[in-house]
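Asker: Give me the fold of what follows.
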Amino acid sequence: MPHANRRQKTSTLDQAFRVVLKELREAKGWTQGDLSEASGYRQNFISNIETGRQTPRITVVFDLLETLGKRPDLFMRAVLKRIKTKPPVPRTRRQ
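Answerer: Below you'll find the predicted structure:
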């Protein structure tokens, strides 16, 4: 059985997104019901997001992050770190 403090490994962006969102919720000591009540989204919708049965629109992601008190840029950095992918480097225009 894996150690409780060990991070869950993820292989896709979708999986990493779900894991990090759940970890943020749990770090706050909240159940899905607590996040539901605070955000205004139904508990089963939050459950479906965390389990991958539904993919939220970007506006929902921002709403949930605001409710959890997390900055979207730091959230995405944590997601990318989870899958060991670096953010894309902006291209410079060549003339």
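
Asker: Test my guess that V19 contacts K81.
Answerer: No. The criterion here is C-beta atoms under 8 Å, and V19 misses it with K81 at 11.4 Å. (Each C-beta comes from the backbone N, C-alpha and C, glycine too.)

Asker: So between the two, which is more surrounded?
Answerer: V19 (19 against 14; other C-beta atoms under 10 Å).

Asker: quick one: pLDDT of the more buried one?
Answerer: According to the prediction, V19 has pLDDT 95.

Asker: and stretch 81-95, average pLDDT?
Answerer: Mean predicted confidence for stretch 81-95 is 69.

Asker: try stretch 45-53
Answerer: Here the average pLDDT along stretch 45-53 is 97.

Asker: what does stretch 24-33 give?
Answerer: For stretch 24-33, mean pLDDT is 97.

Asker: how long is it end to end?
Answerer: 14 Å (C-alpha to C-alpha, to the nearest Å).

Asker: Secondary structure element holding the residue nearest the centre of the chain?
Answerer: The C-alpha lying nearest the average C-alpha coordinate of the chain belongs to L21 (C-alpha atoms, centre = their mean; 3.0 Å). Following DSSP states H and E, one finds L21 within helix 13-27.
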